[in-house]
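Participant: My questions are about this predicted structure, shown below with the sequence.
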Amino acid sequence: MRWDVFAWAAIALLLFAAEAMAPGAFMLWLGFAAVVVFAIVLLFSGIPVLAQAAIFVVLSFVSIQVYRRWFRKREKPSDQPALNRRTAALVGRVVPLERAIVDGYGRVQIADAFWEVTGPQLPAGAQVRVTGADGMTLRVEAA
């Protein structure tokens, strides 16, 4: 077997394995592009390595665009869009301040976690409403 045929088969398998280890539907489409290059190289010998790489890049781009335009639009929207975005899930909650907001910064406790907050000067114990987040810092206002 020729080394280039073997290399493209190995690249395709590695990309599929990477998709299985970290699913996200990105490596899958690169794997499909590698399979097509594998088939082209298997059927037509003598294609330069640079041309093989160029074919792979073009097919990768095309396959990802096919995914984005065709398959991604058909995905069902989530019934819990904030599931893995914890700060977004906290927006709208009303909680008491655990530490007063002084110079714009304070702290609240939500469940078993403490969160840094930014907002107007308020004493400890005041009820605040979470209005948004900047990274892991919640923005609050008086409730």
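Facilitator: Arrived safely, thanks for sending.
Participant: mind listing the helices in this protein by residue range?
Facilitator: Under the criterion DSSP state H, the chain contains helices at 3-21, 27-43, 49-66, 86-90.
Participant: who are the neighbours in contact with W70?
Facilitator: In this structure, W70 makes contact with no residue, judged by CB atoms under 8 Å, 6 or more residues apart in numbering. Bear in mind the C-beta positions are built from the backbone N, C-alpha and C, glycine included.
Participant: where's it relative to V35, distance?
Facilitator: Distance from W70 to V35, counting by CB to CB, to the nearest Å: 18 Å.
Participant: now swap in P77 and tell me
Facilitator: 31 Å.
Participant: Also L59?
Facilitator: 9 Å.
Participant: try G24
Facilitator: The spacing between G24 and V35, counted by CB to CB, is 19 Å.
Participant: Please apply the same query to D4.
Facilitator: D4 sits at a distance of 14 Å from V35 (criterion: CB to CB).
Participant: for V94, same thing?
Facilitator: Following CB to CB, the distance that separates V94 from V35 is 54 Å.
Participant: between those two, which one's more packed in?
Facilitator: Neighbour comparison, V94 and V35: the larger count goes to V35, with 18 against 10 (by other CB atoms under 10 Å).
Participant: How about that one: what's its closest non-neighbour residue?
Facilitator: Excluding the flanking residues, the one nearest V35 by CB to CB, 6 or more residues apart in numbering is A12, at 4.7 Å.
Participant: Count the neighbours of the one you found for me.
Facilitator: A12: 20 surrounding residues under other CB under 10 Å.
Participant: show me what contacts it?
Facilitator: Residues near A12 by CB under 8 Å, 6+ apart: 31, 34-35, 38.
Participant: which one among those gets closest to F114?
Facilitator: Distances from F114 to these, taken as CB to CB, are shortest for G31 (43.2 Å).
Participant: Contact partners for that closest one?
Facilitator: Contact analysis of G31 by CB under 8 Å, 6+ apart lists 12, 15-16, 19.
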